[in-house]
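Undergrad: Output the structure for:
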Amino acid sequence: MEAVQKLKANLKLENKPCGWCNQVLHVGEDAAVCTACQKEHHDRCWEGKAGCSTAGCVNAPLKRLDAQPQPGYGAPGYMGGPAGAPPMVAALPPGLMRCPSCGNAIAIGSDICPMCRAITSPDGIYHGPKITAPGATASLVCGIIGLFICGVILGIVAIVKGNEAKRAIASDPTFGGGGMATAGIVLGILDLIGWAIILMMRLSAH
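TA: As a prediction, this is how the structure comes out:
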């Protein structure tokens, strides 16, 4: 596996500080993302320093790997660094990287952090399989049936289930079915409007 992914800085990388120069990345700039720890860099900084800026990373420059790794903050044997310096992070075993959102160790190549459900791919897009969000199918089915019977009840159910599905999709990128949820909500609204019209016509007929 290559040590770095080089790409044009996208919206996910925008305003992320470069690990070497600490200057923020801007959209369209040449960027370099470490495949081991996911730290962002300017491409020029990565090339100039010959590797990743993260201490203990397997892709750090060789001169930095010569030093004995220090225990991570909170680990047995941690002695701390210079006054005011941030705690050192223990090196991860091969095959693992840190989630850029929560910092937990996860498998390299993971599209989703199993702990915080954040997208971890460098482009900020989830590329894995998706499952239909809970409530999306029920919303669509209730919306369709409500056009013919019990529209007042099924219309409300379709709207509620559709909104539940949309909230699930917004919180977890592994969920799909947004189109079904939207269709169910629209049909639910039509159910309520249609049955309201029918009720008014019946009342006016008396």
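Undergrad: now residue 31, what's its secondary structure?
TA: Using DSSP: H, G, I helix; E, B strand; the rest coil, the structure places residue 31 in strand.
Undergrad: Make 12 the first number, not 1, from now on.
TA: Understood, numbering begins at 12; the last thing we discussed is residue 42.
Undergrad: partner residues bridging it?
TA: Using DSSP bridges, the beta-bridge partners of residue 42 come out as residue 18, residue 53.
Undergrad: Run through the residues that contact it.
TA: Counting by C-beta atoms under 8 Å, 6 or more residues apart in numbering, residue 42 touches 17, 18, 19, 20, 24, 36, 51, 52, 53, 54. (C-beta placed from N, C-alpha, C; glycine too.)
Undergrad: for residue 123, same thing?
TA: Listed by C-beta under 8 Å, 6+ apart, the contact partners of residue 123 are 129, 130, 131, 137, 139, 184, 185.
Undergrad: quick one on the thing from earlier: show the buried residues in the contacts of residue 42.
TA: Neighbour counting by 16 or more other C-beta atoms under 10 Å classes 20, 24, 36, 51, 52, 53, 54 among the contacts of residue 42 as buried.
Undergrad: where's the fourth one relative to residue 102, distance?
TA: Here residue 51 is placed at a distance of 19 Å from residue 102 (C-beta to C-beta, to the nearest Å).
Undergrad: sorry, back to before: which of the buried ones among the contacts of residue 42 sits closest to residue 165?
TA: Comparing the buried ones among the contacts of residue 42 against residue 165 with C-beta to C-beta places residue 24 closest, at 45.5 Å.
Undergrad: From residue 213, how far off is the closest residue to the closest one other than its chain neighbours?
TA: Once flanking residues are discounted, residue 24 sits nearest to residue 36: 5.0 Å by C-beta to C-beta, 6 or more residues apart in numbering. Residue 36 is 64 Å from residue 213, where distance means C-beta to C-beta.
Undergrad: all strands for the protein, in order.
TA: 15-19, 41-45, 51-53, 107-109, 116-118, 142-143, 186-187 (DSSP state E).
Undergrad: The most centrally placed residue in the chain - nearest residue in space that isn't next to it in sequence?
TA: By C-alpha atoms, centre = their mean, the chain has its centre lying nearest to residue 130, at 2.7 Å. Closest residue to residue 130 apart from its sequence neighbours, by C-beta to C-beta, 6+ apart: residue 137 at 5.2 Å.
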